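> After the sequence you'll find the predicted model.
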Amino acid sequence: MGLSSEISVLLLLFLTGLLISMVDSTTPGCRLINEEDGKDVPDDDHKGYNKLKPLVGKRFSTIDVEKEYRYSVGICRDAVDGYKNVGVLQESLKDKRRHVIGLYNSTQIMSGNDWVMIEYWHGEKYHTHCNKEEKKAVIIIICDPSADDENGVDILDEAKAKIGDCYYLFEISHKAVCGIKSSSKALSFGSIVLIIFASVVALYLFLGFLYQRFVLHAKGMEQIPNYSFWQDFGNLEADGCNLVCRSMSNRNSAPYKGIGDEQLEEDLDRDRDDHLLPM
């Protein structure tokens, strides 16, 4: 009797865990299309859903410009009580007829740094438009640091004037999807060159210092690698600048002398000294 009771308890725990795993999916509230098909959910969908979590469970509503329809939008919840799994519901203001635009248990989510896009699929079929395909709602939630739940939702377009892939386009501005923008920018080529140059100079000074101190046993300023060269470096630069940049020469040009002038001067000097010779 004791063994059978233990088996019953284990079986009950197993069934409970299985039920929890079925209810608590990887994306509670919204059920992604890939989950319906038993496929792996892309990382982008998980990332978008995590960004959407602050808005999950909220409801928004709006009336179109023509004042014909009211649209109720639920973020991963029933847009209106009594309509299970309906993410977007359209209601005629004239006859109060309602139409399902999209289901949140057939969802696709995409996101960027400051936006999230939700697609609710498997709505009611069109009667004449879009090749009688199922309706679909596309909800774009954009970042607005000053916007909250009171801003509501706007319907931007009903793209039904085509053969297929029709949709209702909604926009919500909300601060919940505002990402943290990085102020850092990629380093330019010049910055990379300067960093490499500074690293090479630092390595040269460090290794040179160690060599001068511990191998050559230098002291004081002599520990600086190639100290004698750096002492003369300023003079070498000045000499180079003087040679390349200055056009005037400090040397005085020699006076012009004709051919044989040297011999003539020697003869004149000899004549001047003749009277000094003894007779």
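Right, received. Where do you want to start?
> so where is this structure shaky, pLDDT-wise?
1-28, 34-45, 180-186, 246-279 (pLDDT under 70).
> how is it carved up into domains?
As assigned by automatic domain parsing, the chain contains the domains 33-177, 185-241.
> how about these in TSV, adding mean neighbour count?
Using the backbone N, CA and C atoms, a C-beta is placed for each residue, glycine as well. Shown next, in TSV, are the domains of the chain (neighbours: other CB atoms under 10 Å):
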stretch	mean neighbour count
domain 33-177	17
domain 185-241	11
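> how about the helices of the stretch 51-200 of the chain, start to end?
For the stretch 51-200 of the chain, applying DSSP state H, counting those that start in this stretch gives helices covering 189-210.
> ranges for the strands of it?
Counting by DSSP state E, counting those that start in this stretch, the stretch 51-200 of the chain has strands at residues 59-63, 69-74, 86-92, 98-111, 115-121, 137-143, 153-159, 167-174.
> Now do the fifth one: everything it contacts.
When contacts are taken as CB atoms under 8 Å, 6 or more residues apart in numbering, the neighbours of strand 115-121 outside the stretch itself are 30, 33, 48, 51-52, 75, 87-88, 101-104, 106-111, 134, 136-143, 167, 177.
> Among the strands of the stretch 51-200 of the chain, which comes closest to Y227?
strand 137-143 (59.2 Å; CB to CB).
> Sheet partners, orientation included, of the closest one?
Paired strands of strand 137-143, with direction, are strand 115-121 (antiparallel), strand 167-174 (parallel) (DSSP bridges).
> For these, give me a markdown table that also has distance to N242.
Formatted as a markdown table, those follow (distance: least, CB to CB, whole Å):
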| stretch | distance to N242 |
| --- | --- |
| strand 115-121 | 65 |
| strand 167-174 | 69 |
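> quick one, which of the ones you listed is nearest to C130?
In terms of CB to CB, the element of those nearest to C130 is strand 167-174, at 9.2 Å.
> can you state the direction angle for that closest one and strand 153-159?
Strand 167-174 runs at 160 degrees relative to strand 153-159, counting by axes from the mean of the first three to the mean of the last three CA atoms, to 10 degrees.
> picking up where we left off before, kindly reformat the strands of the stretch 51-200 of the chain as TSV containing distance to F214.
Converted to TSV, the strands of the stretch 51-200 of the chain look like this (distance: least, CB to CB, whole Å):
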stretch	distance to F214
strand 59-63	74
strand 69-74	75
strand 86-92	74
strand 98-111	58
strand 115-121	60
strand 137-143	59
strand 153-159	74
strand 167-174	65
